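Colleague: the following comprises the amino acid sequence and a computationally predicted model.
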Amino acid sequence: MTAKGSGLPFGIDFGGSGIKGAPVDLARGGFAAERVRIDTPQPSTPEAVAEVFAALLGTFPRSEEPVGVTVPGVVVKGVVHSAANIDKHWIGEDADRLFTERTGRDVHVVNDADAAGLAEVRYGAAKGRRGLVIVTTLGTGIGSALVYDGVLVPNSELGHLEIEGHDAEKGAASSAKEREDLSWHEWAKRLTTYYRKLEQLFSPELFVVGGGVSKRADKFLPLVDIETEIIPAQLRNAAGIVGAALYATEASD
Ligand code: BGC
């Protein structure tokens, strides 16, 4: 076996409270070993996070395959360009280079929602769907992935659409439901406004809704009153890790 062929690609999901990672079996889109979680350091500067990545990778057998890392911000050619809900030191950071240097692995960063979107289209709720699929993640912010005929158009950032004079994610993310103690009905009204705006702009074939709250999709998706089919994500908390490993493998080919 060649060095490149040894071992498995690895996915890391970098979030506000935890950094989670696992080697990924891309043939079936699942973890190849149990996932490991380490608390996100505070402040979560790129330098501090790089140390955690190195430690995390060190708990698994050595592999020459690439590592994908999700980042909740715009990523262009490995450089992070926005940081709505993370430490501002990320802006302008050449994250691919920093993490590759610190871990000794071939690291590729990808927007968190783009990773989830790739995973849902390849293995999950939107598997095999053609046309435009919009995957949204509802969490602290709203992440979005635009996937057309299986091909990702990265960094769509549709959580920052301006709706009624406000950044959409401020009023419609699941953090807004918590913060304002909204009922499922109240929150679904806001989601209806949000998804209607997306329908008007993009006329997608399908919406897929991910993020932690999607495990309670039965409570709110039936209340979202739009024309387009809207369904819950399937990969749940595996989507970031699996999508990141997939992205890194395709980026390094
Ligand atoms: C960020 C996006 C991210 C989303 C979900 C937004 O605030 O701008 O890049 O995908 O949150 O984490």
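Modeller: Good, I have the coordinates.

Colleague: can you tell me which residue is nearest the centre of the protein?
Modeller: Asp112 (2.5 Å; Cα atoms, centre = their mean).

Colleague: what's near enough to touch that residue?
Modeller: 13-15, 70-72, 137, 143, 240 (Cβ atoms under 8 Å, 6 or more residues apart in numbering). Every C-beta, even on glycine, is put in place using the N, C-alpha and C of the backbone.

Colleague: my read: Ile91 touches Val79, true?
Modeller: No: assessed by Cβ atoms under 8 Å, Ile91 is found out of contact with Val79, at 9.3 Å.

Colleague: picking that back up, including secondary structure, pLDDT and neighbour count, could the contacts of Asp112 go into JSON lines?
Modeller: As requested, the contacts of Asp112 are arranged in JSON lines below (DSSP: H, G, I helix; E, B strand; the rest coil; pLDDT from 0 to 100; neighbours: other Cβ atoms under 10 Å):
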{"residue": "Asp13", "secondary structure": "strand", "pLDDT": "97", "neighbour count": "26"}
{"residue": "Phe14", "secondary structure": "strand", "pLDDT": "95", "neighbour count": "24"}
{"residue": "Gly15", "secondary structure": "coil", "pLDDT": "89", "neighbour count": "20"}
{"residue": "Thr70", "secondary structure": "strand", "pLDDT": "97", "neighbour count": "28"}
{"residue": "Val71", "secondary structure": "strand", "pLDDT": "95", "neighbour count": "25"}
{"residue": "Pro72", "secondary structure": "coil", "pLDDT": "94", "neighbour count": "25"}
{"residue": "Thr137", "secondary structure": "strand", "pLDDT": "97", "neighbour count": "30"}
{"residue": "Gly143", "secondary structure": "strand", "pLDDT": "97", "neighbour count": "30"}
{"residue": "Gly240", "secondary structure": "helix", "pLDDT": "97", "neighbour count": "29"}
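
Colleague: filtering the residues you listed by proximity to the ligand, which remain?
Modeller: 72, 137, 143 (Cβ under 6 Å from any ligand atom).

Colleague: residues in contact with the host helix or strand of Leu57?
Modeller: Using DSSP states H and E, Leu57 maps to helix 46-58. Here helix 46-58 makes contact (Cβ under 8 Å, 6+ apart) with 10, 12, 14, 19, 21, 36, 38, 40-41, 67, 69, 80, 87, 89-90, 93, 95, 98-99, 102-103, 105, 107.

Colleague: what strand or helix carries the closest residue to Ala50 other than its chain neighbours?
Modeller: Among residues not flanking Ala50 along the chain, Arg102 sits closest, at 4.1 Å (Cβ to Cβ, 6 or more residues apart in numbering). Using DSSP H and E, Arg102 sits within helix 95-103.

Colleague: okay, the contacts of Asp112 in CSV with distance to Ala126 next?
Modeller: Formatted as CSV, these follow (distance: Cβ to Cβ, whole Å):
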residue, distance to Ala126
Asp13, 19
Phe14, 24
Gly15, 23
Thr70, 18
Val71, 22
Pro72, 21
Thr137, 13
Gly143, 15
Gly240, 16
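
Colleague: so which of those residues is the closest to Lys189?
Modeller: Relative to Lys189, the closest of those is Thr137; by Cβ to Cβ it sits at 19.9 Å.

Colleague: so the closest one touches Phe207, yeah?
Modeller: No: applying Cβ under 8 Å, one finds Thr137 not in contact with Phe207, separated by 11.6 Å.

Colleague: residues near the nearest residue to Pro41 once chain neighbours are set aside, how many?
Modeller: In space, Pro41 comes closest to Ala48 once its chain neighbours are excluded; the distance is 4.1 Å by Cβ to Cβ, 6+ apart. Using other Cβ atoms under 10 Å, Ala48 has 14 other residues around it.
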